[in-house]
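>>> Dropping the sequence and predicted coords here.
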Amino acid sequence: MIAQLLGGKGTVRGRKTREILLLLGFLIVIWAVTTVLSPRFLSVKNITDILIQAAPLGFVVIGQMIVIVVRGLDLSVASIMATAAVLSIGVFDNTATAFVAALLLGALVGGVNGYLVSYRRVTPFLATLATMIVLQGIRFAYTKGAPSGSLPDAFRFLATGDIGGVPVVLIVLIGVGFVAHWMLERSVPGRQLLLYGDNPETAYMAGLPVKRIVISAYVISGVLAAIAGLFLVGYVGIVDNWTGQGYELDSIAAAVIGGASLRGGKGSVIGALLAALILVSLFNIVVILGLSIEFQMVVKGVLILLAATVYIRRTRE
Amino acid sequence: MTDFARAVRFQTVHLAIIGLIAAIFMVGVFASDRFVTVLNIANVQDQLVALALVALAQTVVILSGGIDLSFAGLLGLLSVLFATFAGSDPATFAAAYVGILVLGTAIGAITGGIVAFSGIHPLIVTLATSTIMAGAALLHTKQPSGSVPIFFEDIVYARFFDFLPWGTLFVIAAYLLVGFVLWRTRFGIRVYAIGDDERAATISGVPVRLTKVLIYALSGFIVALAAIYLVGRFGVGDPRAGIGFDLRSITPVIVGGTLLAGGRGGVLGTFLAVILLALLANVLNFLNVSNFYLWIVEGVIIVVAVSLFVVRARS
């Protein structure tokens, strides 16, 4: 029964299930350790808080993972987050307009990234690095260094409010995660993403619209980053030109820990989300232990190296 | 002409950059009469020393098909350690100087070892080591701290005939040396061979793993020099000294015509691109354009440069 659940040893589904169980096991160990260190940790309130904290990274990591699946990399996500946040407070009075504008911004930047990568054949690293820097310049020039304006109340509600006890942000994240999972595993466009990542030349020979596939991956990543930016400012309550700083690297780390391969063609939404939760839970341990925040960076670096080593070993076997 | 000989060969892209430098220089001349002054010319050079050094390190790594994103953490860590141990008399200073160079080289070698033996993408490896080192630097001190002997600051700020800082001479020497190594030594040939086609290099008997360790060790050594220079300029060790240098070090390499995939390019392009970027920043300053716009310009330059190279490579 369990063997059946895990799938055959050689099958893709079997491998994926084992990876996810490994991540789940890791998460449980972290939470167990945290509970031993601080018995108050294991409360519904506290776990919910951690989930809410992890949510913005969750949005970003789904997009990042999809880009990594098509052999890409998106360094512009943090810049998109901050620009979406800045845009949402200053320009539009209407919350709905601000929201739509932020999403359009994400789609536009993602589209530029995808265009540069697919049509101009710019390396993803450089293309997204360039859009990151340009966007940063535009943002700082627009805000003259310090953003002003106040956050619409609706954003505060979206990020911190709840519907029947379940935080809104988690409902949205689970919805997005579900759609992304279904898309990647079951839908034609999703399978095309994976096929392209596995072997771009075969995908091209098979007549797939390869350029459209690449562009759509970056657009998805851009839009999700914009959403993450809005939720993050809503949660923090203050808009900053550096909102989301570090998310580009955290999201790459989480995607890789969650089973995505930088060589493309491999990635899982559940794995990516679990990995994001693991990262945030680890940061939380550092806080509970009373260690300084800087220690989080050391923990993160070591963890990334460990996780990457584990995956390399497993794929070589 | 083999690819590795391009380490020093003059290429069209170099001519293009020199043309741009000349154009920007003219804009500067018209923008302000304070532009072509001894003081300003020396200022531009002071601004570019640290960037030139880290870009040199990045050039070697990128030529081999790798990438080193650990400069932010490495610069910060080495800076605070150097300022902590440099003391005030020549003896402790010399010990700290040598110690930091050894440490930088050792950290680079460890990074190279992880890259070579684990098979993890260098992007992930260096990102992780950078995070660890940045954390360690901040754990050591949150605020800029420490000091360096006055005589060292004097050297860093000293200028020949008022317009030629020591730093510039140092940078030129470093570029000549690394250029020569890439051009004429076995190690240099191997760097290009690995960057061009790692599998082919392995089959041809190139000790790929050992060479990678050496490449990242060299990178660490050069970054240690940059850290020492930064401490000399600021007079303190700042744990955040390296922030931004990881990505900023890549721009001149790419604009200078080195392919991110490795195997093509060289130090001359990087050197010219560093001058171009420093001059651009300076002229925009004179034009009263905020530094924010410099980012936009820099991003556009990357995209234009890379797009041009891709088109050229295809035709």
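Happy to help now that I have it.
>>> When you work out contacts or count neighbours from here on, use the C-alpha atoms and nothing else.
Will do.
>>> where do the helices sit along the stretch 101-250 of chain A?
Using DSSP state H, counting those that start in this stretch, the helices of the stretch 101-250 of chain A run over residues A:124-143, A:153-160, A:168-186, A:188-198, A:200-205, A:210-236, A:247-257.
>>> between these, which gets nearest to chain B?
Of all the helices of the stretch 101-250 of chain A, it is helix A:124-143 that lies closest to chain B, at 4.0 Å by Cα to the nearest Cα.
>>> rank the helices of the stretch 101-250 of chain A by pLDDT, which is bottom?
Comparing mean pLDDT over the helices of the stretch 101-250 of chain A, the weakest stretch is helix A:153-160, at a mean of 80.
>>> Up against chain B, what does the stretch 101-250 of chain A have?
For the stretch 101-250 of chain A, the residues in contact with chain B (Cα under 8 Å from any Cα of the partner chain) are A:120-123, A:126-127, A:129-138, A:140-141, A:249.
>>> Of the residues you listed, grab the buried ones for ChimeraX.
In ChimeraX syntax, the buried subset of those is picked out as below (16 or more other Cα atoms under 10 Å in any protein chain shown):
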select /A:120,122,123,126,127,129,130,131,132,133,134,135,136,137,138,140,141,249
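>>> How about the contacts made by the closest residue to chain B within the stretch 151-300 of chain A?
Nearest to chain B, among the residues of the stretch 151-300 of chain A, is A:V298, at 4.1 Å (Cα to the nearest Cα). Residues near A:V298 by Cα atoms under 8 Å, 6 or more residues apart in numbering or on different chains: B:131-136.
>>> swap the cut-off to 6 Å and go again
For A:V298, the contact set (Cα atoms under 6 Å, 6 or more residues apart in numbering or on different chains) comprises B:132, B:135.
>>> what about it, which helix or strand?
For A:V298, the element it lies in under DSSP states H and E is helix A:294-316.
>>> Restrict that helix to CA atoms and write it as CSV.
What follows is helix A:294-316 as a C-alpha-only set of coordinates in CSV (Å, rounded to 0.1, in the frame of the first residue of the first chain):
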residue,chain,number,x,y,z
GLU,A,294,22.8,37.9,11.3
PHE,A,295,23.0,34.3,12.4
GLN,A,296,20.1,33.6,10.0
MET,A,297,22.3,34.4,7.1
VAL,A,298,24.9,31.8,8.2
VAL,A,299,22.2,29.2,8.8
LYS,A,300,20.7,29.9,5.4
GLY,A,301,24.0,29.6,3.5
VAL,A,302,24.9,26.3,5.2
LEU,A,303,21.4,25.0,4.5
ILE,A,304,21.5,25.9,0.8
LEU,A,305,24.9,24.1,0.4
LEU,A,306,23.6,21.0,2.3
ALA,A,307,20.4,20.8,0.3
ALA,A,308,22.1,21.2,-3.0
THR,A,309,24.6,18.5,-2.1
VAL,A,310,21.9,16.1,-1.1
TYR,A,311,20.1,16.7,-4.5
ILE,A,312,23.3,16.3,-6.5
ARG,A,313,23.9,13.0,-4.8
ARG,A,314,20.4,11.8,-5.4
THR,A,315,20.3,12.7,-9.1
ARG,A,316,23.7,11.0,-9.7
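>>> Quick check: residues of chain B near chain A?
Within chain B, the positions near chain A by Cα under 6 Å from any Cα of the partner chain are B:128-129, B:131-132, B:135, B:292-293, B:295-296, B:299, B:307.
>>> Lowest-confidence entry in the residues you listed?
At the low end of pLDDT for the residues of chain B next to chain A is B:S307, which has 76.
>>> between the helices of the stretch 101-250 of chain A, which one is nearest to A:V67?
The closest of these to A:V67 is helix A:210-236. By Cα to Cα, the value is 5.3 Å.
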